[in-house]
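Asker: give me a 3D structure for the following:
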Amino acid sequence: MSNYDTIRLEKGMYTGGKSLTHTLEELDPSENYRGTALEGLDAFQRQLKRFDIHVSGVGSDAVEKFFQTSDSAALFPEYVSRAVRQGLEEANILPRIIASTTKIDGMDYRTITSVPEEDDRSLKHVAEGAFIPQTTVKTQENLVRLYKRGRMLVASYEAIRFQRLDLFTVTLRQIGSYIARAQLKDAIDVLVNGDGNGNAAETVSVAQAGTLAYNDLVRLWNSFDPYALNTLIASPGVMEKLLSLSEFRDAAAGLNFHATGSMLTPLGADLVKSAAVEEGKLIALDRGCALEMVQAQDVMTDYDKLIDRQLERAAITTITGFAKIFTDASKLLSI
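Answerer: Numbering: from 1, shown residues only. All right, here's what the predicted structure looks like:
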């Protein structure tokens, strides 16, 4: 039976490390609405409908609509978190370079590593009764460094109460975009310099300093065995040099670039541009083996301040870190 319009909303729903949407889904599962007019809405969206709050479109409401009752006010922090998360996801390049995401409850985390010897890299024939080669997996010596990234929302309630939610959402998405760029910078730093466990990327130099030739890329690609070079992260200047190579002037690749904005190299690698990469550098990696993202906290807000309309110093933050998985799965080309 549907009970979305009878749920008592309060600040306590934000405790326990869960989002309000997650808590509401436990109380009011979306599966109960299959075949009804509310199918397709999640538990939070049903609460917006309950209080007739429109957060997007031409007919979006003003910010003050959230504060018509104490129950509807409890929805405001989740609206802020979801808008910020939307901006983070839209600007997020990390899914294109990370192999795994690990969510943890505390602030202390050691990742695992396996460093095969040269003899371990080949799958040798094992005679009957002979010793089977082993792979040792162990935890890293040093903890993964976690960083809090976010913004402080500085605005009085009186200044924004009459602003339309559609416009306010744009501002919140920009905060998410900032967080995404900061996280990418952290990830690139770990790819290049390591995570504190002596696993900085090997640096490969071009044949002629200051000049990038296609042969340099082929040599880099060839050095990745047993990994696969499937992603390149370039600084803006290096990206310009890459796209100026004659080998990149392919009609099919150009058509795909014009249509989607994505670019595949002649080597079959996904090409990513980022100002977080030091100029004159090109990061090459096997995205399935190189980097782990550690998430200690998803997008969080000062929910108590937001509910009480104390927007002057309300923080919006997330806590993440990155760890190398296999050291040789990422390399740095210096031009």
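Asker: in a helix, residue 168, correct?
Answerer: Yes - counting by DSSP: H, G, I helix; E, B strand; the rest coil, residue 168 falls inside a helix.
Asker: quick one: it and residue 63 touch, right?
Answerer: Yes - between residue 168 and residue 63 there is a contact under CB atoms under 8 Å: 5.9 Å. For glycine as for every other residue, the C-beta is placed from the backbone atoms N, C-alpha and C.
Asker: ok, these two, which is more surrounded?
Answerer: Shown here are residue 168 and residue 63; by other CB atoms under 10 Å, residue 63 has more neighbours (23 against 19).
Asker: about what we covered before: what is in contact with residue 168 and residue 63 at once?
Answerer: Here residue 168 and residue 63 share the contacting residues residue 160, scored by CB atoms under 8 Å, 6 or more residues apart in numbering.
Asker: okay, now residue 333: neighbour count?
Answerer: Neighbours of residue 333 using other CB under 10 Å come to 22.
Asker: residues near residue 87, how many?
Answerer: By other CB under 10 Å, neighbour count at residue 87 equals 23.
Asker: who touches it in this structure?
Answerer: Contacts of residue 87 by CB under 8 Å, 6+ apart are 172, 173, 174, 175, 176, 177, 179, 180.
Asker: what do you get if the cut-off is 7 Å, keeping everything else the same?
Answerer: 172, 173, 174, 175, 176, 177 (CB atoms under 7 Å, 6 or more residues apart in numbering).
Asker: same thing with residue 306?
Answerer: Here residue 306 is in contact with 76, 77, 80, 314 (CB under 7 Å, 6+ apart).
Asker: from these, which land in strands?
Answerer: residue 314 (DSSP state E).
Asker: and the contacts of residue 306, which is closest to residue 303?
Answerer: For the contacts of residue 306, the minimum distance to residue 303 (CB to CB) is 3.8 Å, reached by residue 77.
Asker: quick one: the helices in the stretch 101-250 of the chain, in order.
Answerer: 157-160, 165-193, 214-222, 236-244 (DSSP state H, counting those that start in this stretch).
Asker: of these, which is nearest residue 35?
Answerer: helix 165-193 (29.9 Å).
Asker: before we move on, what SS does residue 287 have?
Answerer: Secondary structure, three-state DSSP: residue 287 is coil.
Asker: what about it, how many neighbours?
Answerer: Residue 287: 21 neighbours (other CB under 10 Å).
Asker: okay, and the beta partners of the closest residue to it other than its chain neighbours?
Answerer: Nearest non-adjacent residue to residue 287, counting by CB to CB, 6 or more residues apart in numbering: residue 231, 4.6 Å away. Under the criterion DSSP bridges, residue 231 forms beta bridges with residue 270, residue 285.
Asker: before we move on, back to that, okay, the contacts of residue 306 in a markdown table with neighbour count next?
Answerer: Formatted as a markdown table, those follow (neighbours: other CB atoms under 10 Å):
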| residue | neighbour count |
| --- | --- |
| 76 | 21 |
| 77 | 25 |
| 80 | 24 |
| 314 | 21 |
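Asker: what's the local residue count around residue 35?
Answerer: 6.
Asker: okay, and it sits in which element?
Answerer: Under DSSP states H and E, no helix or strand contains residue 35.
Asker: same question, residue 17
Answerer: Per DSSP H and E: residue 17 is located in neither a helix nor a strand.
Asker: contacting residues for it?
Answerer: Residue 17 neighbours (CB under 7 Å, 6+ apart): residue 105.
Asker: with residue 150 instead?
Answerer: Residue 150 neighbours (CB under 7 Å, 6+ apart): 179, 315, 316, 317, 318.
Asker: pick the one among these closest to residue 212.
Answerer: Distances from residue 212 to these, taken by CB to CB, are shortest for residue 179, at 32.0 Å.
Asker: check that closest one and give its pLDDT.
Answerer: Listed pLDDT for residue 179 reads 94.
Asker: what about it, how many residues nearby?
Answerer: Residue 179: 24 neighbours (other CB under 10 Å).
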